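**Q** let me see the structure of the following:
(one chain, ligands or ions: 1)
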Amino acid sequence: MSLLSLSRLSVTRRRRPVLRDVSLDVAAGEFVGLIGPNGAGKSTLMEAALGLIPCEGRSSLADLSAAERARHAAYLPQSREIAWPVSVEVLIALGRIPWPGASNAQDRAAVDAAISRMGLEPFRHRTANRLSGGEQARGLIARVLAQETPLLIADEPIAGLDPAHQLSCLSLLRDLATEGRGVLVSVHDLGMAARFCSRLVLLSGGAVLADGTPDEVLSDDNLARGFGIRVQRIETPEGTAIVPAAPL
Ligand SMILES: Nc1ncnc2c1ncn2[C@@H]1O[C@H](COP(=O)(O)OP(=O)(O)OP(=O)(O)O)[C@@H](O)[C@H]1O
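**A** A predicted model of the protein is given here:
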């Protein structure tokens, strides 16, 4: 079942095309990683898919009302700004706004589960915007989880997280996909993308350069064309680690 369908999305910014004719589907059960160099159009693709910026082409989310869309897709933007000095618990509970008919018990269960999944119990009553950068990032991911949507779209969810939390965050997102959600993330760490995502989409210059399994997409040729780098591949018990070795 498709949870997101993008057909020929194009975005122009300051009269410059930054996304060109991108078509992409995310099905239930898929963990799709968007990769590509800085400025490739990853954030733009997510914003256009969610209807947050004007675009040409079609996103299936555009057919939904704002309320329906918020119950279908949760979004973690790249900016980690927390505007108000609310507690972590209240910040996460904001993810329940799309569910006005939910009982208090359902809301509490969703918030408690999100706090537990992101290891935020010690921070529950702390003021969210006075936490460290990584702790704030985990609070915002928990807010996305509390939204309990079939589709999760997260722009660089592991940016700013320490290695242990990077692993637990991607492992959690993979588990959610295995449970039948659809997950679309952007990620810069190619090794982590290869290890956790079921499918990768490589964007370059606003267009899709490659779309397939991590092995297919992370070929030497694609990495040279997409990122202008040569990589070293190291076999580990957890799979192949991909280390950027040198610019070409
Ligand atoms: N608000 C904006 N106004 C004008 N141009 C923009 C705006 N936001 C992004 N761009 C441009 O659009 C292009 C794509 O940006 P985008 O943020 O989507 O890239 P990205 O792949 O997410 O990059 P990064 O890996 O650095 O986060 C870039 O050239 C960027 O300069």
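
**Q** what sits up against the helix or strand hosting residue 69?
**A** According to DSSP states H and E, residue 69 maps onto helix 66-72. Residues external to helix 66-72 that are found in contact with it (Cβ atoms under 8 Å, 6 or more residues apart in numbering): 3, 50-51, 61, 64, 97-99, 147, 149-151. Every C-beta, even on glycine, is put in place using the N, C-alpha and C of the backbone.

**Q** now that helix: average pLDDT?
**A** Mean pLDDT, computed over helix 66-72, is 95.

**Q** could you check how far it is from the centre of its chain?
**A** Centroid separation for helix 66-72 versus its chain: 17 Å, with Cα atoms, centre = their mean, to the nearest Å.

**Q** ok so, going back, so which of the contacts of helix 66-72 comes closest to the ligand?
**A** residue 50 (12.9 Å; Cβ to the nearest ligand atom).

**Q** so what's that closest one up against?
**A** With Cβ under 8 Å, 6+ apart, residue 50 has these contacts: 59, 61, 69, 73, 75, 153.

**Q** longest single helix anywhere in this protein?
**A** Secondary structure of the chain read by DSSP state H shows that its longest helix is helix 163-178.

**Q** which helices and strands does it pack with?
**A** strand 31-35, helix 133-146, strand 151-155, strand 182-186, helix 190-196 (3 or more Cβ pairs under 8 Å, 6 or more residues apart in numbering; DSSP states H and E).

**Q** can you tell me what sits against that helix?
**A** Helix 163-178 is contacted from outside by 29-31, 117-119, 134, 138, 141, 152, 154, 157-158, 161, 183, 185, 189, 192, 195-198, using Cβ under 8 Å, 6+ apart.

**Q** could you turn the buried ones of those into a PyMOL selection?
**A** Of these, the buried ones can be selected in PyMOL as follows, counting by 16 or more other Cβ atoms under 10 Å:
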select buried, resi 29+30+31+117+118+134+138+141+152+154+157+158+161+183+185+189+192+195+196+197+198
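
**Q** what is the least confident helix or strand in this protein?
**A** Ranking every helix and strand in the chain by mean pLDDT, DSSP states H and E puts strand 239-247 at the bottom, with a mean of 91.

**Q** and stretch 80-100, what's its mean pLDDT?
**A** Taken as a whole, stretch 80-100 carries a mean pLDDT of 94.

**Q** need the residues that contact that stretch.
**A** In contact with stretch 80-100 (Cβ under 8 Å, 6+ apart) are residues 67, 70-71, 74, 102, 106-107, 110-111, 114-115, 120, 123-131, 133, 136-137, 139-140, 142-149, 160.

**Q** buried subset of those residues, written for PyMOL?
**A** Of those, the buried ones can be selected in PyMOL as follows, counting by 16+ other Cβ under 10 Å:
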select buried, resi 70+74+107+110+111+114+115+120+123+128+129+131+136+137+139+140+142+143+144+145+146+147+148+149+160
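
**Q** intersect the contacts of stretch 80-100 with the contacts of the ligand.
**A** Checking the contacts of stretch 80-100 against the ligand by Cβ under 6 Å from any ligand atom, not one of them is in range.

**Q** near the ligand, which residues of the chain show up?
**A** 13-14, 18, 36, 38-44.

**Q** okay, those residues in TSV with neighbour count next?
**A** Below are the residues of the chain next to the ligand laid out as TSV (neighbours: other Cβ atoms under 10 Å):
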residue	neighbour count
13	13
14	5
18	19
36	25
38	7
39	13
40	23
41	27
42	26
43	18
44	21
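
**Q** show me the shaky parts of this structure.
**A** The model of the chain has no residue with pLDDT under 70.
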